[in-house]
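Here's my sequence, what's the structure:
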Amino acid sequence: MGDSYSATSGHTATTAVKPPTIDTSMDAQKPQSPGADPTRLQTSDGNEKRMHSLEIPLDHVRSPPSPSISVNPALFRAQTSLDIDDYFTGPRNIQKHSKWPLILQMHGSIFPKLIIPLLAIGGWSTAITLIYKQVHDISVDSVLLTILGFVVGLSLSFRSSTAYERYAEGRRYWGMLTMASQTLGRVFWIHGKEVPDQDPRETILKKIGAMNLLVAFSVSLKHALRFEPHSAYPDMEHLIGHLNTFAKEATVTEQDAPTSRKKNFFKSVGEYLGVSFAQSNPRKALKKTDKPLGNLPLEILSHLAIIIDRMIEQGQLPVPMQQTIAYNHLTMMNDCMTGCDRVLNTPLPIAYTIAISQITFVYVFVLPFQLVEKLGYITIPASVVAAYIIFGLLFIGQEIENPFGHDVNDLPLDIYCDQIAADLDIIASHDKREPDSFLLSKKAMPLYPVSTASSNDWMKRSDEKLRQTIKDKPNMVFKFRKDIAAKKSEGTKFGTNDIKMNGDNNV
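The predicted structure is shown next:
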């Protein structure tokens, strides 16, 4: 599972470090005066002998200082609408609450991408109306509206349903990835046993390294789905910088690959308004590389497979079910990777996409010819409103078809990765050395609300009374809940502070 750093010697250790052996006999060592050098021994003949690094007690060892590194502040910055870039780009922060009514919210709305099409249809309907009023009658029968409307409605329904299906499928895969990461984290940290004759620090660091690879897998998958193939990204470099991967080799040869050029004003506005000519090719980084990029998530899975094999060989996972869980959830992570890749690289066939777009635009631009005879000048706003509804459904389907990008309505993959990292940190913070401490805690009330006695109090009573109390608990809880419901039905405020418990008398 890799090398570990020895805090006592300052060197990389691949084998177990033997405990310090210090001769504390009176003949070998004399008491040292206060302020004496703790790294030297005074022998019986009065001479001083410098102790070996492994012989120095840990309380006299100065830990090696951690290296200073530069941290990108964007790594720990929460996205809020206070930043203009966060407001107009995505994905949207689902953890932020907005008090604005939905009809007035712009962040996440498809309206910005409709501005140019609506202006075009407004100008077109104005021209048709003026020609009809002042030049020649160019109106057509409204029966065409009914025929084309059915086809357009069917096409937009198909477009929206297939796009949302891909969106929901992408979210389902990331939910599976979260569950697999949590389960493997528990297997590594909770179920993994201590290795005999191995420094416990080495075991702990190896477990932490394995859990960090779980985070690295989710982060690397996020970048891979966004066509960001390198390894020197702020949220990933510290996780995989020590691994020998194809992406790392390609990043070394292309030092400026992960950095993106600052967009000019017109390009940014064009992308925000949905102008296709202003949008960059998302696969540009894949095409510009001169070295193979490999498959970083797959390479991390290979490292995790080696870790699981090593833990089983060393007897850290002695229960067969634990081994099965580890391998099954490793396979689940691979399924998530391949499933997301399938969603990304299997869009709706281009023939359907082109046909639906053409049918929709033809219908909207023919609409003024059918309305101008009956509505007159009202044809202009009526056409714009109809275009807003129809184009809105079309553009929403186009935006959510790829749920892994940087659009406002795409999946918030950054939040998912942060949640996985936070969950694994919570798992690693659990101290499993005293498993019974929380079960027999003085603050635990195992039979609440029947009794408020703690576990220690029940240990002082007979087992018959304990069994009888457990047997009577369903009836007592049923009566307790009925009393609470009766008080609530009376209209009086009732909270947890109003519950009067009489301790042992409840049983």
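
Tell me the helices and strands packed up against the strand or helix carrying Val151.
In this structure, Val151 sits in helix 143-186 according to DSSP states H and E. For helix 143-186, the packing partners by 3 or more C-beta pairs under 8 Å, 6 or more residues apart in numbering; DSSP states H and E come out as helix 200-225, helix 320-345, helix 350-375, helix 379-400, helix 413-428. Every C-beta, even on glycine, is put in place using the N, C-alpha and C of the backbone.

With distance to Phe246 and mean pLDDT added, can I get those helices in CSV?
Conversion of those to CSV gives the following (distance: least, C-beta to C-beta, whole Å; pLDDT from 0 to 100):
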stretch, distance to Phe246, mean pLDDT
helix 200-225, 12, 94
helix 320-345, 16, 96
helix 350-375, 31, 91
helix 379-400, 31, 92
helix 413-428, 21, 95
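
Which one, of these, ends up nearest to Gln105?
Closest to Gln105 of the helices and strands packed on helix 143-186, according to C-beta to C-beta: helix 379-400, at 14.3 Å.

mind listing what Leu184 touches?
With contact taken as C-beta atoms under 8 Å, 6 or more residues apart in numbering, Leu184 is in contact with 214, 304, 326, 329-330, 333.

Ignore what I typed, I meant Leu304.
Applying C-beta under 8 Å, 6+ apart, one finds that Leu304 lies in contact with 184, 210, 213-214, 217, 330, 333.

quick one: which of the residues you listed has the most company?
Tallying neighbours with other C-beta atoms under 10 Å puts Phe217 at the head of the contacts of Leu304, with 30 neighbours.

So that one versus Asn334, what's the distance?
Look at Phe217 and Asn334: by C-beta to C-beta, to the nearest Å, they are 10 Å apart.

what sits in contact with each of those two?
Leu301.

Let's verify Lys443: helix, strand, or coil?
The three-state label given to Lys443 by DSSP: H, G, I helix; E, B strand; the rest coil is coil.

can you pull the contacts of the closest residue to Phe438 other than its chain neighbours?
Among residues not flanking Phe438 along the chain, Ala444 sits closest, at 7.3 Å (C-beta to C-beta, 6 or more residues apart in numbering). Residues near Ala444 by C-beta under 8 Å, 6+ apart: 438, 454-455.

Can you check the pLDDT for the residue nearest to Leu393 when sequence neighbours are not counted?
The shortest distance from Leu393 to any non-neighbouring residue, by C-beta to C-beta, 6+ apart, is to Leu156 (4.6 Å). We have a pLDDT of 93 for Leu156.

Export the helices and strands packed on helix 143-186 as JSON lines, with columns for distance to Pro474.
Shown next, in JSON lines, are the helices and strands packed on helix 143-186 (distance: least, C-beta to C-beta, whole Å):
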{"stretch": "helix 200-225", "distance to Pro474": "41"}
{"stretch": "helix 320-345", "distance to Pro474": "32"}
{"stretch": "helix 350-375", "distance to Pro474": "59"}
{"stretch": "helix 379-400", "distance to Pro474": "49"}
{"stretch": "helix 413-428", "distance to Pro474": "34"}
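
among these, which is nearest Glu249?
Closest among the helices and strands packed on helix 143-186, once you apply C-beta to C-beta, is helix 200-225, at 15.0 Å.

Counting by contacts, list what the next helix or strand after the closest one packs against.
Later in the chain than helix 200-225, the nearest helix or strand by DSSP H and E is helix 237-240. With contacts taken as 3+ C-beta pairs under 8 Å, 6+ apart, helix 237-240 sits against helix 200-225.
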